[in-house]
Structure formats: structure tokens, C-alpha cells
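# pasting the sequence and the predicted model now:
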Amino acid sequence: MSRVAKNPVSVPEDVDVKINGQDITVKGKLGELNMRVVDEVEVTLADSQLTLKPRSQSRFARSIWGTTRALLQNMVDGVSNGFSKKLEIKGVGYRASLQGKNLVLQLGYSHDVIYPVPEGIKINMPNQTEIEISGIDKKQVGQVAAEITRFRKPEPYKGKGIHYEGQRILRKEGKKK
């Protein structure tokens, strides 16, 4: 039995949840998210709490039960508070800038890396070496952050590259004479 899925998802007052069969729509002050729940999980809304239970005791139903609850919790949190990830750029001459709907990265290559910002994602740049990615969909925010860090992963000798704020980079010692 899933310990995560036994707990109900509490819905704040400013969030509106609609259940239409297996389709769930969550609407809040920041936006609206939709999700289709698998047939093996039953979702009910009562007293501003979403409760989930498996329709059968099959292995798949019990395993997807907790996953579905976590996804619903992320949807409720996303439309009420939103999610954000912060990236740092380290390296001489490494910097980023926003040009319209594109993020332009100068990462030591012979060309600029142009990343088109997807719909539903906001990028804020306090300075040229910090990138703040925010949005209502946790999966999309994490995916965009991962795609940006892949352009120049942090290397272990000098620590140059793009990394998450607070990420510890394992450093190696260079060659000795």
C-alpha cells in the first residue's frame, strides 16, 4: 500500500478543481492545468480535499496510485504558488541575455546558443550570470532547466559551465609537474 497516496490533497480556497470522469482540471490565480487520470485510480473531491483510491488491488493500480496523488499535489501547488529553478553561469566570458522570446547564451563556443523559451515558462535574469526559470507546471520547469544546463555542463577542473544554484560540483586536482 502506498503511504503517500493515503494522504488527501488539500485544495486552497483560491483553487478551483473540476472532475469530469477521469479528466481533472485545476484552475488558480496563476493559470489552469489539465490531467487525465488512469482508469485504475478513482479521484473524489469532498470538503476541499482530493482523495484517491485504487479501483483494484493489481500491482499497476497500487503503483500508479501514489504517483497520481503526487501529480495532483503538484498541479494544485503550481496554480496557487508556481515553481521556480535558479541556474548560475560560471566562466570567463560566459553570459546570457534575453532577446524577445529567446534566451541567448554565450558559453565559449564559436557561436551563440539560442534557446527558444517554451509557452508557459517565464525567464527572469537579475544579472548576466543568473537565470531564474518559473512556471506553473513543475515538470516543464524542470525540463527547461535541464535543457539549458545541457548546453555547457560544469567541468570538474575549474567549475566552468551552467549549474543549479547551490549545486556542489566535485572538483578534481589538475596535473602536477
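Great, that's in hand.

# in the helix or strand containing residue 145, what counts as buried?
In this assignment (DSSP states H and E), residue 145 forms part of helix 138-149. Neighbour counts using 16 or more other CB atoms under 10 Å place 138, 140-141, 144-145, 148-149 of helix 138-149 among the buried residues. In short, each C-beta sits where N, CA and C put it, glycine included.

# what does stretch 13-33 contact?
Applying CB atoms under 8 Å, 6 or more residues apart in numbering, the set of residues contacting stretch 13-33 from outside is 11-12, 34-39, 43-45, 48, 50, 72, 75-76, 78-82, 120, 136-137.

# so which of those are in helices?
In helices, judged by DSSP state H, the following of the contacts of stretch 13-33 are found: 72, 75-76, 78-80.

# where does the nearest residue to residue 170 once chain neighbours are set aside land on pLDDT?
Spatial nearest neighbour of residue 170, chain neighbours left out: residue 156 (5.9 Å); criterion: CB to CB, 6 or more residues apart in numbering. Per-residue confidence at residue 156 stands at 93 (pLDDT).

# residue 175 now?
Predicted confidence (pLDDT) for residue 175: 86.

# residue 2 too?
pLDDT, the model's per-residue confidence, is 61 for residue 2.

# start at 686, not 1
Shifting the count to begin at 686 puts that one at residue 687.

# can you list the strands that the longest strand along the chain pairs with?
Longest strand in the chain by number of residues, with DSSP state E as the criterion: strand 768-775. Strand 768-775 has the following strand partners under DSSP bridges: strand 815-820 (antiparallel), strand 846-849 (antiparallel).

# out of these, flag the one nearest residue 796.
Across those, the minimum distance to residue 796, taken as CB to CB, is reached by strand 846-849, at 16.4 Å.

# neighbouring contacts of that closest one?
Surrounding strand 846-849, the residues in contact under the criterion CB under 8 Å, 6+ apart are 770-776, 779, 790, 792, 816, 830, 833-834, 836-840, 854.

# filter these to the buried ones?
770, 772, 774-776, 779, 790, 792, 816, 830, 833-834, 836-837, 839.
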